[in-house]
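**Q** I'd like to go over a predicted model; first the sequence, then the structure.
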Amino acid sequence: MRRFESKYGYFDETAREYVITTPHTPRPWVNVICPGDWGLVLSQTGGGYSWRTHASLNAITRWSQDIVRDNWGKYIYARDDNSGEIWSLSWMPARRKPDRYRVRHGIGYSVIESENSGISSELTVTVPPGEPLEVWLVELSNDGSEDRELSLFTYFEWCLGASPDWHREFHRTFIETSIEPDASTMWARKRLWEIPNDRGEAWNRPWEYSAFHASSLDAAGFEGDKEAFLGMYGDLARPAAVARGVLSNSHGKWTDAIGSIHVKIKLPAGEKRRVSFLLGAVEAGREDDARAQIAQYRDPGEAADAMRRASEFWCDLLKPYEVRTPDEAFNIMNNTWLPYQAISGRMWGRTGYYQAGGAYGFRDQLQDSQVFLPLDPSETAKQIKLHGAHQYVDGHVDHWWHPISEIGGGGLYSDDLLWLPFVTIGYLKETGDYALLDEEVPYRDGEPESIWQHCIRAIDLSLSRRSERGLPLMLGGDWNDGMNAVGTEGRGESVWVAEFLCTILPDIAHVARRRGEEEAASRYEQAWRELADAVNSHGWSAEGGWYIRAICDDGTLIGDPGCKYGKIFLNAQVWAIMSGIATGKRAESAWRAVVKHLSVDSGPVLFAPAYGEPDERIGYLTRYAPGVRENGGRYTHAATWAMIAAAIMGDSSEAWQMYSRICPVRCGSSPDVYKAEPYVTPGNVAGPDSDRYCEGGWTWYTGSATWLFRVGSEWLLGVRPEWDGLRIDPCIPAHWDGFSMRRNFRGATYEIHVKNPDHVSSGVFRMIMDGRKIDGCLLPIVGDGRVHRVEITLGKSNKD
Ligand code: GLC
């Protein structure tokens, strides 16, 4: 069924697809498909790129970021060998006007359907889980009454290493293409990889893979040379080789290397033919593995099977969690697209169209890994250990690092290290798996220690970095990367880091006590009181009635009503409420200030008003255009936290107002204003101080996906893992009749059905599990591997 249809497309919830009905979307609307190692980005015009393990250190194909032209991709041309007519199976690059065009982005695959010149084509692109390759399955149908003779030509540029290889004239001299003697495969290798070798020498290491491109049909020809394919000064819309209908079989050293295979297909009237293409890369020396895969995939049935396996893989991964609420948009996002975006785009792909990435951010992928908590928490544990191994003995951590090369650094951020205990606590509450705390992982510069010790070193270092007034030092920045000048002289303070610490400390004290470390537990409780006092004494603006955000090295306040720009900041209020630092009247006042000054049509903005001119004392956030990204835009990641505060404050109408303004499905109902994909979260949406107010950008590669998923589930629906059970504390729209959720928790499955006969927005009246009444609103831990039916009634009366 078509849901949330706009002039550009609609959701097909049964197929779990977003269907795009025209190539002319307001921005590239892409899919990021990465089931672990190999990955690709594909736009609705056919644009995008492929990588293995790391999207910018190990890019397989060349791509250049251009969201307006979207003209770099891996393409397939079709040619009618009788008439010479040329088109492409995706709209780019031939840019013919197709008679029909649809792109179906699914979880783990995309299908580009098109009709040109009486030929229908369906191009399915997928990455089979566990395999270092992607499969393009083409199905051609001759809808006319004449037999046709067609040629297909694939086309892309080899990158083979660091991307973008902007200095192509240098890099091409290291690339070599070859053709397998049986003419089944094109190979590509590169003798240089930009990362240091094991002796630490730069520019002295080969690219350690062999890339391959193959087809299920015998090739009529290959092309490895861009000039031979396009023609000098040629045009991607009508390459010389495609116009001629023959490839020159050029390959070898060291041309401007492309990959192209030509296959010929006889297509009688009314018939269909299938052909598949592969693009992959194996470790050098393991070419026989690739040959085996190529032999397997010569059967296009295998390609169809790969597509089925890929789709099953993703469905199985998301299966443990499902919600049904009266808000269809919420269901679509929480059941499918948010976890898919978070896992495929952020955790495994770590890249998108607005940012080609590949590195790990210490705080970023740790937070992202929370998406696995209700799905497969062992993946969260893996991430905790990986990040623990990027900490130093003194407690500080790498701000980011590259997989493959392990190059990284930047330990000056005051919050990075605290995400380790923060996410570890989330993992413990979800799983009760305290054994993780005793697992040992090494430091970057030291011997292995337990995860618990890693967490303690993070907290202790953080607590030791406080100003004379007891507020944490800002140092090189905190969660807000753009505040990179506030504390560089070592005096600036972050009110938010104090609040963040105070969110963590009670749980750390709880765990310490459970481990018999009473002295540590009381020390952390004492630290909580000191920090809370410091925030309430030095971080409260009586004039504004809200919390200030930070103090610069020179004592300038940030987020104070006396400031010209940035008078009030979202995080400072929200985390004061989340941490319990703000209580009673102060919490009320801070929350009212958020609603009044920050909650606008784009969703809650990071602060207001936006900086109108750069401020050297604060940092690069003031240099962005006003209302854009961290400069007073809706930064979706932080906007999700505002709904936690709304839930704590019991303000369900504001919580859901914010939700509907943040939910991409709803934003997508004004597609020409919003522009971004309606099925994934954008990193930012322009705020009121921008002339592009409500325009979304930086989709896919944003930490907001996991958080929107988590906040929706745990704070809006209010089903929240706690130390002693699963808390049921909904904050829902009062008009809802109820909702249901299926979710695993500590070794059992809970089928939760919530009824709302009195139409309230919160408050559990009665809970029944497996026919037995439960006092309070904490579902017990049963851990018996079974399914348990839970019936909950909200409200005050006994109506059903
Ligand atoms: C970017 C960074 C993230 C940071 C956020 C806010 O998304 O990746 O680490 O917290 O910006 O500045």
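**A** Here it is on my side, so go on.
**Q** residue contacts, the closest residue to Leu230 other than its chain neighbours?
**A** Excluding the flanking residues, the one nearest Leu230 by CB to CB, 6 or more residues apart in numbering is Pro239, at 4.9 Å. For every residue, glycine as well, the C-beta is placed using N, CA and C. Applying CB atoms under 8 Å, 6 or more residues apart in numbering, we find Pro239 in contact with Tyr77, Phe153, Tyr155, Phe229, Leu230, Gly231.
**Q** Okay, now the sheet partners of the least confident helix or strand in the chain by mean pLDDT, with direction.
**A** Here the helix or strand of the chain ranked lowest by mean pLDDT, DSSP states H and E is strand 252-253, holding a mean of 88. Note on strand 252-253: by DSSP bridges, its sheet partners are strand 175-179 (antiparallel).
**Q** now the strand it pairs with, how far from the centre of its chain.
**A** Taking CA atoms, centre = their mean, to the nearest Å, one finds the center of strand 175-179 at 34 Å from the center of the full chain.
**Q** what pLDDT, on average, does it get?
**A** Taken as a whole, strand 175-179 has an average pLDDT of 97.
**Q** Buried residues, it. List them.
**A** Neighbour-count burial for strand 175-179, counted by 16 or more other CB atoms under 10 Å, picks out Ile175, Glu176, Thr177, Ser178, Ile179.
**Q** Quick check: Leu420 vs the ligand, distance?
**A** 14 Å (CB to the nearest ligand atom, to the nearest Å).
**Q** Let me know whether my guess that that residue is in a helix holds.
**A** Yes. Assignment of Leu420 by DSSP: H, G, I helix; E, B strand; the rest coil places it within a helix.
**Q** So what's the residue count around the closest residue to the ligand within the chain?
**A** Minimum separation of the chain from the ligand (CB to the nearest ligand atom) falls at Asp481, amounting to 3.7 Å. If you count neighbours by other CB atoms under 10 Å, Asp481 ends up with 16.
**Q** Now it. Its backbone dihedrals?
**A** Dihedral angles of Asp481 (phi, psi; degrees, to the nearest 10) stand at phi -50, psi -30.
**Q** quick one: contacts for it?
**A** Contacts of Asp481 by CB under 8 Å, 6+ apart are Tyr413, Leu621, Glu630.
**Q** which of those residues lies closest to Gly747?
**A** Nearest to Gly747 out of the contacts of Asp481 is Tyr413 (CB to CB; 36.6 Å).
**Q** How many residues are close by Ala55?
**A** Number of residues near Ala55 (other CB under 10 Å) recorded here: 28.
**Q** That one and Trp38 touch, don't they?
**A** No. Counting by CB atoms under 8 Å, no contact exists between Ala55 and Trp38, whose distance comes to 10.7 Å.
**Q** what residues does the chain put near the ligand?
**A** Residues of the chain found near the ligand (CB under 6 Å from any ligand atom) are Gly361, Arg363, Asp364, Trp479, Asn480, Asp481, Gly482, Glu630, Gly703.
**Q** right, and the helix or strand after the helix or strand hosting the second one?
**A** Same thing as Arg363. Element membership for Arg363, per DSSP states H and E: helix 362-368. If you walk from helix 362-368 toward the C-terminus, the next helix or strand you reach (DSSP H and E) is helix 377-388.
**Q** Contacts for whichever helix or strand comes after that next one, please.
**A** Following helix 377-388 in sequence order, the next helix or strand is strand 400-401 (DSSP H and E). By CB under 8 Å, 6+ apart, the surrounding residues in contact with strand 400-401 are Ala359, Tyr360, Gly361, Phe362, Asp364, His390, Ile407, Gly408, Gly409, Gly410.
**Q** List the ones among the contacts of Asp481 that fall in helices.
**A** Among the contacts of Asp481, no member falls in helices (criterion: DSSP state H).
**Q** Most neighbours among the residues you listed, which one?
**A** Leu621 (28 neighbours).
**Q** just the buried members of the contacts of Pro239?
**A** Among the contacts of Pro239, those classed as buried by 16+ other CB under 10 Å are Tyr77, Phe153, Tyr155, Phe229, Leu230.
**Q** chain center to the helix or strand where the second one lies: distance?
**A** It stands for Phe153. Applying DSSP H and E as the criterion places Phe153 in strand 148-161. Relative to its chain's centre, strand 148-161 lies at 29 Å (CA atoms, centre = their mean).
**Q** So which bits of it are buried?
**A** Those would be 148, 150-161, for strand 148-161 by 16+ other CB under 10 Å.
**Q** Mind telling me the two of those farthest from one another?
**A** Arg148 and Gly161 (40.3 Å).
**Q** hang on, the earlier thing: show me what the next helix or strand after the least confident helix or strand of the chain is packed up against.
**A** With elements assigned by DSSP H and E, the helix or strand that comes after strand 252-253 is strand 257-267. Judged by 3 or more CB pairs under 8 Å, 6 or more residues apart in numbering; DSSP states H and E, strand 257-267 is in contact with strand 133-142, strand 148-161, strand 175-179, strand 185-190, strand 209-215, strand 221-225, helix 226-230, strand 272-283.
**Q** out of the residues of the chain next to the ligand, who's nearest Glu312?
**A** Gly703 (27.8 Å).
**Q** Can you give me the neighbour number for the closest one?
**A** Around Gly703 there are 25 residues (other CB under 10 Å).
**Q** In the stretch 501-650 of the chain, what residue spans correspond to strands?
**A** 540-541, 546-547, 550-551, 557-558, 568-569, 607-608, 634-635 (DSSP state E, counting those that start in this stretch).
**Q** now Ala676: how far from Ser56?
**A** Note on Ala676: its distance to Ser56, by CB to CB, to the nearest Å, is 22 Å.
**Q** between those two, which one's more packed in?
**A** More crowded of Ala676 and Ser56, by other CB under 10 Å: Ala676, with 27 against 21.
**Q** pLDDT below threshold where in the stretch 501-650 of the chain?
**A** For the stretch 501-650 of the chain, no stretch is flagged by pLDDT under 70.
**Q** Contacts only, for the residue nearest the centre of the chain.
**A** Note on the chain: the residue nearest the mean C-alpha position is Arg346, at 3.2 Å, using CA atoms, centre = their mean. Taking CB under 8 Å, 6+ apart as the criterion, Arg346 is in contact with Asp364, Gln365, Asp368, Trp700, Tyr701, Thr702, Gly703, Ala705, Thr706.
**Q** Could you check how many residues crowd around Ala608?
**A** When neighbours are counted by other CB under 10 Å, Ala608 comes out with 21.
**Q** wait, it sits on Leu598?
**A** Yes. With contact defined as CB under 8 Å, Ala608 and Leu598 form a contacting pair (5.8 Å).
**Q** what sits in contact with each of the two?
**A** Residues touching both Ala608 and Leu598 (CB under 8 Å, 6+ apart): Ile568.
**Q** The least confident helix or strand of the chain: how far from the chain's middle?
**A** In terms of CA atoms, centre = their mean, the centre of strand 252-253 is found 38 Å from the chain centre.
**Q** what separates the closest residue in space to Gly738 that isn't next to it in sequence from Ser599, distance-wise?
**A** Using CB to CB, 6+ apart and skipping residues adjacent in sequence, the residue nearest Gly738 is Lys755, 4.3 Å away. Distance from Lys755 to Ser599, counting by CB to CB: 30 Å.
**Q** Equivalent analysis for Leu123, please.
**A** Distance from Leu123 to Ser599, by CB to CB: 44 Å.
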